[in-house]
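Asks: can't give you the sequence, but here's the structure:
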Ligand SMILES: [Fe+2]
């Protein structure tokens with residue numbers, strides 16, 4: 001039913017590299033929040049969950065003398081732009097529907113105001129829920145990026161979320 005599942009994305013080495021950088025536990029939490037918010041707002045839960053999972057994959061490591069430099073990050077960060085591009089490339093490579101890949105990339109691009117000159121952009125409902133999903137999991141001082149989860153537990157969470165999405169999609173297909 002779906003061209004690409006979360007598990008296909010999760011297991012790809014490119015996703016592993018970048019999701020580990022910004023925190024897999026955070027990525028999974030945001031994917032779950034985006035799924036539930038998507039369901040609540042009658043949006044495509046698969047698109048929402050994928051955008052949630054990949055939203056932070058554009059992060060760069062702003063280290064100076066072996067330590068994270070928050071000022072350097074604030075000044076130079078463009079992670080939503082890089083994330084949108086990386087996610088799009090990965091999704092297309094995995095065989096994702098190109099319209100869906102574009103929708104996910106744009107939701108990643110607009111998931112935060114942090115890099116925008118002003119915070120008055122008008123988001124689509126999907127873009128809005130991905131932003132909310134991220135904010136739901138935020139912890140003070142960026143601590144949400146450092147929560148850890150081992151690979152097997154992370155994988156099980158992803159498989160469970162794939163099942164939830166499939167159940168949702170089957171329900172919708174029945175109604176049509
Ligand atoms: Fe985030």
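Replies: The structure has been received and is ready for your questions. Fair warning: this is a prediction, and the values are worked out from it, not measured in the lab.
Asks: ok, residue 103 to residue 84 distance?
Replies: Distance of residue 103 to residue 84, computed by C-beta to C-beta, to the nearest Å: 11 Å. For the C-beta atoms, the positions are set from N, CA and C on the backbone; glycine is no exception.
Asks: What of residue 148?
Replies: 26 Å.
Asks: The two - which one has more neighbours?
Replies: Neighbour count, other C-beta atoms under 10 Å: between residue 148 and residue 84, residue 84 has more, with 25 against 10.
Asks: ok, that one - contacts?
Replies: 58, 105, 106, 108, 109 (C-beta atoms under 8 Å, 6 or more residues apart in numbering).
Asks: pretty sure the third one is in a helix, no?
Replies: So the one you mean is residue 106. Yes - looking at residue 106 with DSSP: H, G, I helix; E, B strand; the rest coil, it is inside a helix.
Asks: I figured it hits residue 127, correct?
Replies: Yes - using C-beta atoms under 8 Å, residue 106 is in contact with residue 127, at 6.6 Å.
Asks: Buried residues of the strand or helix carrying residue 130, list them for me.
Replies: Using DSSP states H and E, residue 130 sits in helix 125-136. Going by neighbour count (16 or more other C-beta atoms under 10 Å), the buried part of helix 125-136 is 126, 127, 128, 129, 130, 131, 133, 134.
Asks: which one of those is nearest the ion?
Replies: The closest of the buried residues of helix 125-136 to the ion turns out to be residue 134 (C-beta to the ion; 4.2 Å).
Asks: these two touch, right, that closest one and residue 110?
Replies: No - look at residue 134 against residue 110 with C-beta under 8 Å: they stay out of range, at 10.9 Å.
Asks: and the helix or strand that residue 167 is a member of, average pLDDT?
Replies: Assigned by DSSP H and E, residue 167 falls within helix 151-175. Per-residue pLDDT over helix 151-175 has a mean of 96.
Asks: quick one: it to chain centroid distance?
Replies: Its chain's C-alpha centre and that of helix 151-175 lie 16 Å apart, by C-alpha atoms, centre = their mean, to the nearest Å.
Asks: Determine the set of other helices and strands touching that helix.
Replies: Other elements packing on helix 151-175 under the criterion 3 or more C-beta pairs under 8 Å, 6 or more residues apart in numbering; DSSP states H and E are helix 6-11, helix 24-40, helix 45-54.
Asks: Now the helix or strand encompassing residue 99: buried residues?
Replies: Assigning secondary structure by DSSP H and E places residue 99 in helix 98-109. Buried residues in helix 98-109, counted by 16+ other C-beta under 10 Å: 100, 101, 103, 104, 105, 106, 107, 108, 109.
Asks: That one vs the ion: in contact?
Replies: No - Helix 98-109 is not in contact with the ion by C-beta under 5 Å from the ion; minimum separation 10.1 Å.
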